[in-house]
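[1] Below: sequence and its predicted model.
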Amino acid sequence: MKNMVLFCFLSIFIAEIGSAQILPERDRASMRDEILADRFNNLLPKLMDDTNIDMWLVISREYNEDPVIRTMLPATWLNARRRTILVFYRNKTENTIEKLAVARYDVGENIQSAWDKEKQPDQWQRLVEIIQERNPEKIAVNYSKYFGIADGLVHTDFQELKEALPQNFESKLVSAEPLAIAWIETRTEKEMELYNTLVKVTHDIIDEAFSSKVITPGKTTTDDVVWWMRQKVTDMGLETWFHPTIDVQRSERKLKSHIESFSKAKKDDVIQPGDLIHCDFGITYITLNTDCQQHGYILKKGETGVPGFLAEAFETGNRVQDIFTNNFKTGITGNEILLKSLAEGKAEGLRPSIYTHPLGTYGHSSGTTLGMWDSQEGVPVNGDYPLHPNTVYAIELNNTTYVKEWDKDVRIMLEEAGFWGPKGFRYVNGRQEKIKPVNTF
């Protein structure tokens, strides 16, 4: 009950995050640890049952952390300590989940130390004892050829593990890939309460960046806005997980190629009246990440709103989003959704490109990949991974449309966090449906 009251209090407090302040570090830590306890006690047993894995080993050394273990450490552990070995054992018959650490310390309040070095000096042998006592059907460890986040077990630890295991247990070693991906991609109700607000904060920062508070046409450069965003995030006590970008489309400039658009070497432009500006921006807060692309228009003197031809072009981007997310269905692969959506968009006369990725504890996370900007025919292996419920995606795509008033193509590039759950698809905190007018006069 105490934890529930705390979480409700923090949820109310954090709802003011866009207009007030970010939670203090101590309260952030409490929320992080409460979310983690919920994941360990309620989510992990289900995931282990779903993937038919009864023992999961997560092994890491200090400053060389497995990406999975990073998502399991309590708020007061900024890194693993020495060699940290986590053992999760699921007894489905008795409906229990053991969370043990073959380490000198308890790993927070959720994972109990199961190694007394004075009684058993050899850490690997203590791990073997724990395995022998439970005699699991499978021993899953984090290696994966195609999913990098699930490939965190380093060569040295893998070799030492195999050397320590008796032969009858070594034969039980399997890849934890399906379980590791499920752990990384699956969001809980508590996390989604936080996510709703986190995306709103992202939108609020973009709204301020795309305003006369930040932009003075003829003076402010795109790089000025980028660094304003970086500083704003820092001042709010947050972090960015990638360097933001701001770019410009204007009437007298030919549309850039995809390769140039996705290049990190962005040209530093002076923003002018009549520019269509675009951002790519995301923040990190209490283990979650956002990823957002939106558009603004710098009003010319005498203009009262965004020109109709640009507003119409923007609507084509929303239409591609609708086509795409309407095709989401649990069990369908990313490649199937991608190809169906592209075909439907082209049948309507659109020129879409879709490159959506899982989003959550990592920005470019593990899970269902739905296209890449340079792989519009489908993505081998990662694109064949099926859609699962309770997952979040950066709905990232664009549509190119010819604008006769500029006598050129314009590319509408959009990205918003979207949640796929038992009730279908929803944007985590809405989406941009109109270009933001920036009035500087």
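    Received the coordinates, thanks. Numbers count the residues shown, from 1 in each chain.
[2] hey, let's count contacts and neighbours off CA atoms from now on
    Will do.
[3] what comes up buried for stretch 328-338?
    328-329, 332-338 (16 or more other Cα atoms under 10 Å).
[4] Hmm, I typed the wrong one, I wanted stretch 269-287.
    Residues of stretch 269-287 classed as buried by neighbour count (16+ other Cα under 10 Å): 269-286.
[5] So what's the gap between it and the chain middle?
    Centroid displacement of stretch 269-287 relative to its chain, using Cα atoms, centre = their mean, to the nearest Å, is 19 Å.
[6] Let's see the pLDDT reported for the nearest residue to E315 once chain neighbours are set aside.
    Distances taken as Cα to Cα, 6 or more residues apart in numbering place E433 nearest to E315, at 7.3 Å, with adjacent residues excluded. Note for E433: predicted pLDDT of 97.
[7] which SS class is E433?
    Following DSSP: H, G, I helix; E, B strand; the rest coil, we place E433 in the coil state.
[8] so I59 makes contact with D66?
    Yes: using Cα atoms under 8 Å, I59 is in contact with D66, at 7.3 Å.
[9] Show me which of the two is the more surrounded one.
    Each of I59 and D66 has its neighbours counted (other Cα atoms under 10 Å); I59 has more, 25 against 21.
[10] L238: neighbour count?
    For L238, the tally of surrounding residues (other Cα under 10 Å) stands at 16.
[11] go on, D157?
    15.
[12] List the contacts of it.
    Residues near D157 by Cα atoms under 8 Å, 6 or more residues apart in numbering: 59-60.
[13] Secondary structure element holding it?
    Here D157 sits within helix 155-164, counting by DSSP states H and E.
[14] and the residue lying closest to I332 once chain neighbours are set aside, bridged to which residues?
    Closest residue to I332 apart from its sequence neighbours, by Cα to Cα, 6+ apart: P386 at 5.1 Å. Taking DSSP bridges as the rule, P386 bridges to T333.
[15] Could you do N398 as well?
    Beta bridges link N398 to S353, M413, judged by DSSP bridges.
[16] So what's the residue count around it?
    Neighbourhood size, N398 [other Cα under 10 Å]: 22.
[17] who touches it in this structure?
    317, 320, 352-354, 411-414.
[18] Distance check, it against R319.
    10 Å (Cα to Cα, to the nearest Å).
[19] do N429 as well
    According to Cα to Cα, N429 stands 18 Å off from R319.
[20] more crowded one of those two?
    N429 (19 against 15).
[21] so how far is F419 from the more buried one?
    N429 sits 10 Å away from F419, going by Cα to Cα.
[22] just for the stretch 201-350 of the chain, where's the confidence low?
    Across the stretch 201-350 of the chain, the ranges flagged by pLDDT under 70 are 258-266.
[23] Mind jotting down where the helices sit in it?
    Listed in chain order, the helices found in the stretch 201-350 of the chain under DSSP state H, counting those that start in this stretch are 222-235, 258-261, 308-326, 334-347.
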